[in-house]
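A.B. asks: sequence unavailable; structure follows:
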Ligand code: HEM
């Protein structure tokens, strides 16, 4: 159990750590306003998702489910675990349907902005979507973190 908990917490650390710091670097680069710099950063945000976010998610899901089975926690009805699973699924859906496409779009439009020298409206639109849904997809795991620690209901 302690190895599983370690893997679970390690997954949560790299997952949450990466999504929070990605937002920091992205905001910093947008403020600078240099298209080449922006392009480089959004490509690295995508790369970091595959190096940290995805393995973090896999560790969380595998270890979390194994611990739940071992501890005999109920996966039915309304409790801290089932509500967390709903919020976690919502995070995954947001990530797959909005954030990843927005990141692809930011990479494409920032590359075009290097050619024109002007940050395009299309880039700004994708960036706004990424910010709005990114905040939601970051807050949900923080709420889950609270439920996991308190196991209050
Ligand atoms: C962003 C997502 C998640 C975060 C940040 C997170 C975080 C945590 C943390 C910090 C703990 C330790 C609580 C403690 O020992 O006091 C924990 C425990 C636990 N987590 Fe998660 N978790 C997440 C997702 C999941 C998922 C998807 C499952 C799947 C079933 C899960 C199942 C569990 C279980 C069963 C425990 C309790 C282990 C025990 O009995 O001590 N977690 N989680």
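C.D. replies: Alright, I've got the coordinates. Here the structure is a predicted model, which is why all the values come from computation and not from measurement.

A.B. asks: how close does residue 133 get to residue 73?
C.D. replies: As judged by C-beta to C-beta, to the nearest Å, residue 133 and residue 73 stand 30 Å apart. Quick note: C-beta positions are derived from backbone N, CA and C, even for glycine.

A.B. asks: one more: residue 146?
C.D. replies: Counting by C-beta to C-beta, the gap from residue 146 to residue 73 is 17 Å.

A.B. asks: need the contact list for the residue in the chain positioned nearest to the ligand.
C.D. replies: As assessed by C-beta to the nearest ligand atom, the ligand sits closest to residue 64 within the chain, at 2.5 Å. Shown in contact with residue 64 (C-beta atoms under 8 Å, 6 or more residues apart in numbering): residue 8.

A.B. asks: in which helix or strand would I find it?
C.D. replies: With elements taken from DSSP states H and E, the one containing residue 64 is helix 54-71.

A.B. asks: helix or strand right after that helix?
C.D. replies: helix 80-94.

A.B. asks: elements contacting that following helix?
C.D. replies: helix 54-71, helix 121-150 (3 or more C-beta pairs under 8 Å, 6 or more residues apart in numbering; DSSP states H and E).

A.B. asks: take those helices and lay them out in a markdown table including distance to residue 32.
C.D. replies: Formatted as a markdown table, the helices and strands packed on helix 80-94 follow (distance: least, C-beta to C-beta, whole Å):
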| stretch | distance to residue 32 |
| --- | --- |
| helix 54-71 | 28 |
| helix 121-150 | 13 |
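
A.B. asks: redo the ones you listed as TSV? Include mean pLDDT.
C.D. replies: TSV is the format used below for those (pLDDT from 0 to 100):
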stretch	mean pLDDT
helix 54-71	97
helix 121-150	97
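
A.B. asks: for the chain, which residues are neighbours of the ligand?
C.D. replies: Within the chain, the positions adjacent to the ligand are 5, 8-9, 12, 60-61, 64-65, 67-68, 71, 73, 84-85, 88, 141, 144-145, 148-149 by C-beta under 6 Å from any ligand atom.

A.B. asks: recalculate using a threshold of 5 Å.
C.D. replies: 12, 60, 64-65, 67-68, 71, 88, 141, 144-145, 148-149 (C-beta under 5 Å from any ligand atom).
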